[in-house]
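Undergrad: next come a sequence and a model predicted from it.
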Amino acid sequence: MKDMLTAADAIARIVRDVPAGVLDAPTPAAEWDVRATLNHVVFWTARGESAARKEQPPAEPGEDHDFTADPGYAAAFAEQAHRTAAAWQEPAAREGSTSLTGSAPGLPATVIGGMILGEWVLHGWDLAVAAGLPHGLDDAVVRAAYDSTAAIADMGRQYGAFGPEVAVPADAPPLDRLLGLSGRDPRWTP
């Protein structure tokens with residue numbers, strides 16, 4: 001999962017560059033503003049490291065915690081994203097099953113790793129477009145996220161993580177195809 005390191009760099013940069021003045025701004029996920037998206041990414045990234053290590057996730061802080069109110073949250077997130085990406089570089093991380101919540105039996109570890117990669121790429125785009133920032137992911141990372149997301153898209157829709165697929169041309173750039181697959185409109189603007 002070499003693409004995880006590149007994706008961690010990108011999401012850390014985006015989180016760092018989100019201006020405090022846009023925390024209440026809308027994102028492509030209609031039910032989430034920028035703050036909610038940031039909090040979601042921070043929360044699940046820490047659990048991504050635990051999943052890679054096949055450990056129980058941290059009990060605190062909970063999913064309702066406002067990480068954006070914590071001093072230095074962006075720097076702490078960058079460190080966590082890089083620890084998570086590094087954990088997924090270990091061969092044992094991709095073996096067997098694991099869970100982001102600590103529940104058994106979990107899912108195949110490669111699926112969970114792909115979910116983290118997809119989270120970083122998709123929510124990175126959500127944050128970047130909402131804040132007027134460059135997304136900055138190369139096509140190889142986006143293609144890897146597309147492959148991971150395609151494998152779980154139906155499950156994601158069933159559990160409400162993805163909206164209905166948005167049609168995009170077959171020859172659209174990889175990012176547009178990934179966004180459409182996940183129920184996002186690549187043409188969304190704030």
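TA: Everything's here; your move. Treat the numbers as computed from the prediction; the structure is a model and nothing was measured.

Undergrad: just say helix, strand or coil for Pro58.
TA: Under the three-state scheme (DSSP: H, G, I helix; E, B strand; the rest coil), Pro58 adopts coil.

Undergrad: and it, how many residues sit next to it?
TA: Other residues near Pro58 come to 13 when the count uses other Cβ atoms under 10 Å. In this view, the C-beta of every residue, glycine as well, is placed from N, C-alpha and C.

Undergrad: that one reaches Glu49, doesn't it?
TA: No: using Cβ atoms under 8 Å as the test, Pro58 is too far from Glu49 to be in contact (9.3 Å).

Undergrad: what pLDDT does the model give the closest residue to Asp138 other than its chain neighbours?
TA: What sits nearest to Asp138 in space, not counting adjacent residues and going by Cβ to Cβ, 6 or more residues apart in numbering, is Thr6, at 7.0 Å. With respect to pLDDT, Thr6 has a value of 95.

Undergrad: surely Thr6 forms part of a helix?
TA: Yes: Thr6 sits within a helix when classified using three-state DSSP.

Undergrad: how about the contacts made by the residue positioned nearest the centre of the chain?
TA: When Cα atoms, centre = their mean is applied to the chain, the residue found nearest the centroid is Glu119 (1.6 Å). Applying Cβ atoms under 8 Å, 6 or more residues apart in numbering to Glu119 gives the contacts 41, 44-45, 48.

Undergrad: now it: how far from Tyr73?
TA: Glu119 is 17 Å from Tyr73, where distance means Cβ to Cβ, to the nearest Å.
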